[in-house]
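Participant: sequence plus predicted model, see below.
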Amino acid sequence: MYNEIDLDIIDINSEPPTEEPFRQYYFMAKCRKWVKDFEQKNERLPKACVVNMGCQMNARDSEKLAGILENIGYERTDCEEADFVIYNTCTVRENANNKVYGRLGYLHAYKKKHPQMKIALCGCMMQEAHVVERLKSSYRFVDLIFGTHNLFKFPELLASMLERSEMTIEIWQDTDKIVEELPIDRKYPFKSGVNIMFGCNNFCSYCIVPYVRGRERSRRPQEILREIERMADDGVVEVMLLGQNVNSYGKTFDEPFPFARLLQEIEQIDKIQRIRFMTSHPKDLSLDLIEVMAASNKICHHLHLPLQSGSTRILEQMNRRYTKEQYLALAGRLREAMPDLALTTDIIVGFPGETEADFADTLDVVRQVEYDSAFTFLYSKRTGTPAALMENQVPEDIVKRRFDQLLQEVQHIAAAKAERLTGQVRPILVEEVNAQDASLVTGRLENNSIVHIPGDASMIGTLVDVTLEECRGFYYYGRAIAAS
Ligand code: SAH
Ligand code: SF4
Ligand code: F3S
């Protein structure tokens, strides 16, 4: 198994292999030797802390980094006062970006007192040239910098970092490579994210993701199925399929393989009981997908369908390639096929040129669709995107007012929707013993809402039908119904 690669049989005195992933296994063995030497000298294992700062795709990448570090022999810690700290960064909005510089200041202070400490930065923010320039000139204490395209080379880069005292920097502009079979340390034993594709080709005019994640590439269905089968054997019952636009999965293959078909194949894996996916771009959502979802009792009736704006004029400026009417029609079709479907969304407020009338359209869609929940964002100008060059940026006070109004509306609707489920019987996947009250366990509904029920640790990782007895805003108290 790839999670149990026998590193001790690799001869680290020979030349490194050129083929992947074997080359990386070789460097993992080299790093393990370094860890053993560290242990002898210090009479303890070195501690590593992986900090994830981005979306679920970044979180999955962080699990890969953690898996590699664990295989090498590092002890895992959540505390940043460690021997090795790596930030997996996000740059989708300016505030994500600023946070990194702030936290680096704090790490620097710790490193001054512990000069042996090593600091690494990777992820989306590192794919921006101006960021790397700033780090090179003002943050010389950082030991290793790499990007999103060469993440699979982490063992090799780590080995090089451990050997030298200067900054190691390696950023690729793009890649068509997908390296499989590297170790992964899953955060939960019973549920897991699964990458089905990387990158994005949509170039929404405000968005930096296509520039930092590169062109869209899908993993082969066989590789995805093999990974999920292994996970299932290992106790995973719920998978979340991840991609920036899962609805265009498989379109770049010589023989296209539609997303709906991939879902059907995953459904065949016995031990997998729940399937989720994100994100769906409205323009690519197929009728086949709606049919497959409606007919399935494993695919959660939950769809995250980003709206971004309700104004057709703004949607065009955003290069989203659907209109307000098309979006509403799609939502209607989905609800018709699945009356119990939970719909969630992302909305940006204050895109350049947004007028009161445009904003009113957004509110109108929010009221018509009645989202179960929505992430609302203040528009953030990202250097290098077409929207950054657009004139008539909306003044801050107006954006703020619209944002507050939207948030209020979204929360009001979500609370009413949550209340409507009270009294119903729904399945939850039990995830943990309640931290405050050990007589309760906590699980999630298909729509991801949290439910607390009386229970014990033996229920973790199982699906249980519960009566939702009491709604407390965004979570519930319930009770398992006796199995018949
Ligand atoms: N691929 C997904 C979204 C990925 S980014 C999709 O197409 O929906 C997650 C969310 O961040 C987006 O849906 C958008 O609402 C928000 N976002 C992206 N760029 C942004 C920007 N420049 N300013 C504010 N929000 C942004
Ligand atoms: Fe960004 Fe649009 Fe791609 Fe989503 S689909 S990642 S918003 S460019
Ligand atoms: Fe952020 Fe990169 Fe995800 S920019 S949202 S971590 S793809």
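Facilitator: Sure thing, it's come through. Quick caveat, the model's predicted, so the values are computed rather than measured. Ligands and ions are numbered 1, 2, ... in the order given.
Participant: check which helices and strands the helix or strand containing residue 468 sits against.
Facilitator: Taking DSSP states H and E as the criterion, residue 468 maps to strand 463-471. Counting contacts by 3 or more C-beta pairs under 8 Å, 6 or more residues apart in numbering; DSSP states H and E, strand 463-471 is packed against strand 425-433, strand 450-454, strand 475-480. To be clear about C-beta, it is placed using only N, CA and C from the backbone, and glycine gets the same treatment.
Participant: quick check: buried residues in it?
Facilitator: 464, 466-468, 471 (16 or more other C-beta atoms under 10 Å).
Participant: nearest to ligand 2 among the residues you listed?
Facilitator: For the buried residues of strand 463-471, the minimum distance to ligand 2 (C-beta to the nearest ligand atom) is 32.0 Å, reached by residue 471.
Participant: would you turn the helices and strands packed on strand 463-471 into CSV with mean neighbour count and distance to ligand 1?
Facilitator: CSV is the format used below for those (neighbours: other C-beta atoms under 10 Å; distance: least, C-beta to the nearest ligand atom, whole Å):
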stretch, mean neighbour count, distance to ligand 1
strand 425-433, 19, 24
strand 450-454, 20, 22
strand 475-480, 20, 24
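Participant: need those strands in CSV (columns: distance to ligand 2 and mean pLDDT).
Facilitator: As requested, the helices and strands packed on strand 463-471 are exported to CSV (distance: least, C-beta to the nearest ligand atom, whole Å; pLDDT from 0 to 100):
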stretch, distance to ligand 2, mean pLDDT
strand 425-433, 27, 96
strand 450-454, 27, 97
strand 475-480, 29, 97
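Participant: could I get those as TSV with distance to ligand 3?
Facilitator: Formatted as TSV, the helices and strands packed on strand 463-471 follow (distance: least, C-beta to the nearest ligand atom, whole Å):
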stretch	distance to ligand 3
strand 425-433	23
strand 450-454	23
strand 475-480	26
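Participant: pick out the most distant pair among the buried residues of strand 463-471.
Facilitator: Greatest spacing in the buried residues of strand 463-471, by C-beta to C-beta: 464 and 471 (18.2 Å).
Participant: helix/strand/coil for the residue in the stretch 1-150 of the chain that ligand 2 sits nearest to?
Facilitator: Closest contact between the stretch 1-150 of the chain and ligand 2, by C-beta to the nearest ligand atom, is at residue 92 (7.9 Å). Secondary structure state of residue 92, per DSSP: H, G, I helix; E, B strand; the rest coil, is coil.
Participant: can you give me every residue that contacts it?
Facilitator: 54-55, 124, 207-209, 380, 382 (C-beta atoms under 8 Å, 6 or more residues apart in numbering).
Participant: for the stretch 1-150 of the chain, which residues score under the pLDDT cut-off?
Facilitator: 1-4 (pLDDT under 70).
Participant: which positions in it make contact with ligand 3?
Facilitator: With C-beta under 6 Å from any ligand atom as the criterion, the stretch 1-150 of the chain meets ligand 3 at residues 54-55, 57-58, 90-92, 124.
Participant: the same query, at a cut-off of 8 Å, please.
Facilitator: 53-58, 88-92, 96, 123-125, 148 (C-beta under 8 Å from any ligand atom).
Participant: and those residues, which two are furthest apart?
Facilitator: Top of the distance list for those (C-beta to C-beta): 56 and 125, 17.0 Å.
Participant: which one of those two has more residues nearby?
Facilitator: More neighbours surround residue 125 than the other of residue 56 and residue 125, with 28 against 14 (other C-beta atoms under 10 Å).
Participant: if I look at that one, how far off is ligand 1?
Facilitator: To ligand 1, residue 125 is 14 Å away according to C-beta to the nearest ligand atom, to the nearest Å.
Participant: now residue 310: which helix or strand?
Facilitator: Per DSSP H and E, there is no helix or strand for residue 310.
Participant: dump the residue contacts of it.
Facilitator: 324, 327, 358, 361-366.
Participant: find the residue at the geometric middle of this protein.
Facilitator: residue 56 (0.7 Å; C-alpha atoms, centre = their mean).
Participant: touching, that one and residue 193? I think so.
Facilitator: Yes: with contact defined as C-beta atoms under 8 Å, residue 56 counts as touching residue 193 (5.6 Å).
Participant: shared neighbours, these two?
Facilitator: 240, 242.
Participant: what about the helices in the stretch 201-350 of the chain?
Facilitator: Ranges of helices within the stretch 201-350 of the chain are 209-213, 221-233, 259-267, 287-295, 312-317, 324-337, based on DSSP state H, counting those that start in this stretch.
Participant: what comes up buried for the last one?
Facilitator: Going back to what we said before, that points to helix 324-337. So for helix 324-337, counting by 16+ other C-beta under 10 Å, buried means 324, 327-328, 330-331, 334.
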